[in-house]
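1. Following is a predicted model, sequence given first.
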Amino acid sequence: MAPLKSYYTHRYETENYLKMTDYLFQLPEQSSGTLQAQIQEMMVNAILKKHLPAGSLLPSGRKLAQQLKVSRNTVVLAYRCLMDEGFIDSRERSGFYVCDNVLSGHAKNQKIPRVSTDSTTQKVDWAKKLCTKPDSLSYMRRPENWQDYPYPFIYGQYDKQIFPISDWRDCCRAAAGISAIYNWAPDHIDQDNAELIKQIHEKLLPRRGIFVEREEILVTIGAQHAIYLVANLLLNKDKRVAVENPGYPDARNTFLTKTDHLTLLDVDDEGIVLDDRLQDCDCVYTTPSHQYPTTVTMSKERRIALLESAKKNDFIIIEDDYESELNYLGTPIPALKSLDDEGRVIHLGSLSKTLAPGIRLGFLVGPKDFIRQARALRRLMLRHPPANNQFIISLFLKRGYHDALARRITKKLYKRSVLMKQLLENYFPQAFSTLSFGGSSYWIKCPSGVDSQVLANAAKKQGILIEPSSSFYHQSSSNSDYFRLSFSSINSDKIEQGIPLLATLLDRLNRR
């Protein structure tokens, strides 16, 4: 009788266990995969988190299908995949079980006492240990849920209505082919995708008047990564770098992690203002195509003067070709790099503005000696940008999808810029600068006595997001007279509604 009792006891415990664990078997709410993939994800999470112990019985395919309201075949296929991957096994006439050795490769730390991470018990004085404290620098912050605001006049975000989902999927599918996987899956050590370099070399750079050899191009994870590489190669605590003020905060912050010697150069209607202080500089960082954030385009005369000063005073120019592709109001001026005949200009480009910020892909252009060192430094950081992403973007460029996207974006932004200009002329007369070569934002001056940060805080409460000028100025010379209105991520109807609301709010603050 003992074996019989043992059998019924085991069966009773198993059935009760399944009832207790029914709550586990719910499809993930955030998953976007197929039903089969969602079932696999659900089971794997339950097993790895030890909610389903090794050796435990799983519900039958029929029962789980009824609970999840899916077909039995979908569950069976998911179970088969889990068997192939070693998470579960099938026992004849008994059912599916979690594999006994499924967690054999995981550390067994059940008996290790939990260590408190409360700051009061820590013995390390991190304030003394840390050599760099980047979080102490001034950053430009925006709400993470900016898309929930009805009037997001913010820069640097893509318009999901313009993004070419079909074209992008086409390239992603191609990258999932067997021959493509064999191309990008190996370790490339420090090399870039040859086709991507070819596309940058033959399509992107010639449009900026830049004709270089392929060995003078390096792929980066966006322009920010490129700035970091340049800063680490060219700066130390004794070097001096000049930056635009107002200017790009994260470039300035990156330089400040390497040196405290910062020269702040003003910006006028022709771009960065050149003066005698350049004589002491080792590097000059500038955004000549569309000055960040005032949108001013550096004149050709000012560009030539900057290059002459670089020759005379022996400094390097870091050219961030920000928004160079958004030229729809006139003939674009060639990049600084195209006018450089001594190899003094390091050119930074990015595809994030036309594709999407989340793609994070850019490139560096410079003399071979510099690129060789940049490649070696990049290898120490991350070896190379993800090869599959490089493959996908090379196809996107090769098949003409990027050209088509750039035309659509240009057309859309041109219409928005015209609408925005009309509204600004009505509500903010003589308080903004007319765009000269396109771009995606306007730089607005507040009435005397109105702080743009106060305006931004009040506007946010009404669902309007703007960018106050204090974020763009270095803290030692904070200026709150301006704010930036971008139209890259907001539809025309919202522009028409948002500008009058903002003008009313500004008038109210002005009266106070």
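-> Nice, I can see it.

2. remind me, longest helix of this structure?
-> helix 401-427 (DSSP state H).

3. Quick one: name whatever helix or strand follows it.
-> Sequence-wise, the next helix or strand downstream of helix 401-427 (DSSP states H and E) is strand 441-445.

4. The helix or strand encompassing Arg484 - which strands sit beside it in the sheet, and in what orientation?
-> Using DSSP H and E, Arg484 maps to strand 482-486. Strand 482-486 sits in its sheet next to strand 441-445 (antiparallel), strand 467-468 (antiparallel), going by DSSP bridges.

5. what sits up against the first one?
-> In other words, strand 441-445. 155, 293-295, 420-421, 424, 428, 431-433, 435, 481-488 (Cβ atoms under 8 Å, 6 or more residues apart in numbering). All C-beta spots, glycine's among them, are computed from the backbone N, C-alpha and C.

6. State the helix or strand in which Gln66 lies.
-> Gln66 belongs to helix 61-68, assigned by DSSP H and E.

7. Send over that helix as CSV, restricted to the C-alpha atoms.
-> Below are the C-alpha coordinates for helix 61-68, written out as CSV (Å, rounded to 0.1, in the frame of the first residue of the first chain):
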residue,chain,number,x,y,z
GLY,A,61,-0.9,22.0,-23.4
ARG,A,62,-4.7,21.9,-23.4
LYS,A,63,-5.1,23.4,-19.9
LEU,A,64,-2.6,26.2,-20.5
ALA,A,65,-4.2,27.0,-23.9
GLN,A,66,-7.6,27.3,-22.2
GLN,A,67,-6.2,29.5,-19.5
LEU,A,68,-4.4,31.8,-21.9
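
8. Contacts for that helix, please.
-> Contacts for helix 61-68 (Cβ under 8 Å, 6+ apart): 22, 25-27, 39, 58-59, 71-72, 74-76, 79, 96.

9. Make sure Ser60 is actually in contact with Ser90.
-> No. At 11.2 Å, Ser60 does not count as touching Ser90 under the criterion of Cβ atoms under 8 Å.

10. Name the residues contacting each of these two.
-> Phe96.

11. So for the two, which residue has more residues nearby?
-> Ser60 (16 against 12; other Cβ atoms under 10 Å).

12. Give the bridge partners for the residue lying closest to that one once chain neighbours are set aside, please.
-> Excluding the flanking residues, the one nearest Ser60 by Cβ to Cβ, 6 or more residues apart in numbering is Gly95, at 6.1 Å. Assessed by DSSP bridges, Gly95 has beta-bridge partners Arg91.

13. Looking at the contacts of helix 61-68, which are in strands?
-> Filtering the contacts of helix 61-68 for membership in strands, criterion DSSP state E, returns Phe96.

14. ok, of the contacts of helix 61-68, which one's closest to Lys337?
-> For Lys337, the nearest member of the contacts of helix 61-68 is Leu27. The distance, counting by Cβ to Cβ, is 52.2 Å.

15. neighbours around the closest one, how many?
-> 13.

16. Likewise for Ala503?
-> 15.

17. from here on, count from 226
-> In the new count, where the first residue is 226, that last one comes out as Ala728.

18. thinking it is in contact with Phe653, fair?
-> Yes. With contact defined as Cβ under 8 Å, Ala728 reaches Phe653; the gap is 6.7 Å.

19. same for the helix or strand hosting Glu721, what does it pack against?
-> Using DSSP H and E, Glu721 sits in helix 717-736. With contacts taken as 3 or more Cβ pairs under 8 Å, 6 or more residues apart in numbering; DSSP states H and E, helix 717-736 sits against strand 376-377, helix 626-652, helix 677-686, strand 689-690.

20. Could you pull out the buried residues of it?
-> 719-720, 723-724, 726-727, 730-731, 734 (16 or more other Cβ atoms under 10 Å).

21. Let me see the mean pLDDT of it.
-> Mean pLDDT, helix 717-736: 91.

22. quick one: contacts of that helix?
-> Contacts of helix 717-736 (Cβ under 8 Å, 6+ apart): 375-376, 378, 640-641, 644-645, 648-649, 652-653, 671-672, 674-675, 679-680, 683-684, 687, 689, 691, 712, 715.

23. likewise stretch 559-566?
-> So stretch 559-566 is contacted by 433-436, 511, 513-514, 528-529, 531-532, 542, 544, 546, 549, 570, 572, 590 (Cβ under 8 Å, 6+ apart).

24. Tell me the buried residues within the contacts of helix 717-736.
-> Looks like the contacts of helix 717-736 have 376, 378, 641, 644-645, 648-649, 652-653, 671, 675, 680, 684, 689, 691, 712, 715 buried, using 16+ other Cβ under 10 Å.

25. residues in contact with Ile596?
-> Ile596 neighbours (Cβ under 8 Å, 6+ apart): 440-443, 589.

26. switch the cut-off to 10 Å
-> Residues near Ile596 by Cβ atoms under 10 Å, 6 or more residues apart in numbering: 437-438, 440-443, 454, 571, 589-590, 603.

27. Quick one: mean pLDDT over the strand or helix carrying Val466.
-> Following DSSP H and E, one finds Val466 within strand 465-469. Regarding strand 465-469, the rounded mean pLDDT is 97.

28. which helices and strands sit right next to whichever helix or strand comes after it?
-> Remark: after strand 465-469, the chain's next helix or strand is helix 474-481, criterion DSSP H and E. Packing partners of helix 474-481 (3 or more Cβ pairs under 10 Å, 6 or more residues apart in numbering; DSSP states H and E): helix 447-459, strand 465-469, strand 486-490, strand 508-511, strand 541-545.

29. circling back to that earlier point, what about the helices and strands packed on helix 717-736, which gets the closest to Ile387?
-> helix 626-652 (5.8 Å).

30. Now do the closest one and strand 666-670, the angle between them.
-> On the basis of axes from the mean of the first three to the mean of the last three Cα atoms, to 10 degrees, helix 626-652 is oriented at 20 degrees to strand 666-670.

31. Please compute how far the strand holding Val466 lies from its chain's middle.
-> Remark: strand 465-469 is offset 25 Å from the chain centroid, using Cα atoms, centre = their mean, to the nearest Å.

32. Stretch 686-694 now?
-> Taking mean C-alpha positions (Cα atoms, centre = their mean), stretch 686-694 and its chain are 21 Å apart.

33. same question, stretch 375-390
-> 13 Å.

34. looking at the contacts of Ile596, which has the most residues close by?
-> Ile571 (28 neighbours).

35. which ones are touching it?
-> Ile571 neighbours (Cβ under 10 Å, 6+ apart): 451-452, 454-455, 458-459, 508, 510, 541-545, 561-562, 565, 589-592, 595-596, 599.

36. 8 Å instead?
-> 455, 541-544, 589-591, 595.

37. Next, format those as TSV and append pLDDT.
-> Shown next, in TSV, are those (pLDDT from 0 to 100):
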residue	pLDDT
Val455	98
Ile541	97
Ile542	98
Ile543	98
Glu544	97
Leu589	97
Val590	97
Gly591	97
Phe595	97
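
38. could I get these as a markdown table with distance to Lys423?
-> As requested, the contacts of Ile571 are exported to a markdown table (distance: Cβ to Cβ, whole Å):
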| residue | distance to Lys423 |
| --- | --- |
| Val455 | 24 |
| Ile541 | 27 |
| Ile542 | 26 |
| Ile543 | 25 |
| Glu544 | 22 |
| Leu589 | 16 |
| Val590 | 14 |
| Gly591 | 18 |
| Phe595 | 21 |
